[in-house]
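*Asks:* give me the fold of what follows.
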Amino acid sequence: MAEVRLVAGYRWDPDARDIGSAVISLRDGHKDLIWMHDLDEPADGSVVTTFPTVPSTEPRRPEIGLVADDAQPGEAQGER
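*Replies:* Next comes the predicted model:
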């Protein structure tokens, strides 16, 4: 299996010494840029973060059937 590492950062304008839009990029090493994509910023300027819903990995608790008070020892409920 191949490993692909994406880099998140910002555009940098060296002439204006200003930080621009947020970007995500794929690089070959530290300097060789393969591609870069600007990340859209919401119109209201808020940060939107969504995470996928992952099903719970916790084990299920066992279900224990209760025996009626008048049942004899060893006699399960409904086996009369």
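
*Asks:* shaky segments in this protein?
*Replies:* The model of the chain has pLDDT under 70 over residues 42-43, 45-56, 67-80.

*Asks:* which residues in this structure form strands?
*Replies:* Applying DSSP state E to the chain gives strands spanning 6-13, 18-28, 32-38.

*Asks:* number of nearby residues for residue 32?
*Replies:* Residues near residue 32, counting by other C-beta atoms under 10 Å, number 8. (C-beta placed from N, C-alpha, C; glycine too.)

*Asks:* ok, now the one 4 residues further on?
*Replies:* Neighbour count for residue 36, taken as other C-beta under 10 Å: 13.

*Asks:* now do residue 8
*Replies:* 9.

*Asks:* relative to residue 40, how far out is the closest residue in space to it that isn't next to it in sequence?
*Replies:* Among residues not flanking residue 8 along the chain, residue 24 sits closest, at 5.2 Å (C-beta to C-beta, 6 or more residues apart in numbering). Taking C-beta to C-beta, to the nearest Å as the measure, residue 24 falls 11 Å from residue 40.

*Asks:* neighbour count: those two, which is higher?
*Replies:* residue 24 (13 against 9).

*Asks:* in contact with the more buried one: list those residues for me.
*Replies:* Taking C-beta atoms under 8 Å, 6 or more residues apart in numbering, we find residue 24 in contact with 6-8, 36-37, 39.

*Asks:* run the last query once more with 6 Å
*Replies:* Going by C-beta atoms under 6 Å, 6 or more residues apart in numbering, residue 24 touches 6, 8, 37.

*Asks:* likewise for residue 19?
*Replies:* Residue 19 sits next to residue 10 when contact means C-beta under 6 Å, 6+ apart.

*Asks:* try 7 Å this time
*Replies:* Contact analysis of residue 19 by C-beta atoms under 7 Å, 6 or more residues apart in numbering lists 10, 12.

*Asks:* that one and residue 28, how far apart?
*Replies:* Using C-beta to C-beta, we find residue 19 at a distance of 24 Å from residue 28.

*Asks:* what about residue 31, distance to residue 25?
*Replies:* Residue 31 is 11 Å from residue 25, by C-beta to C-beta.
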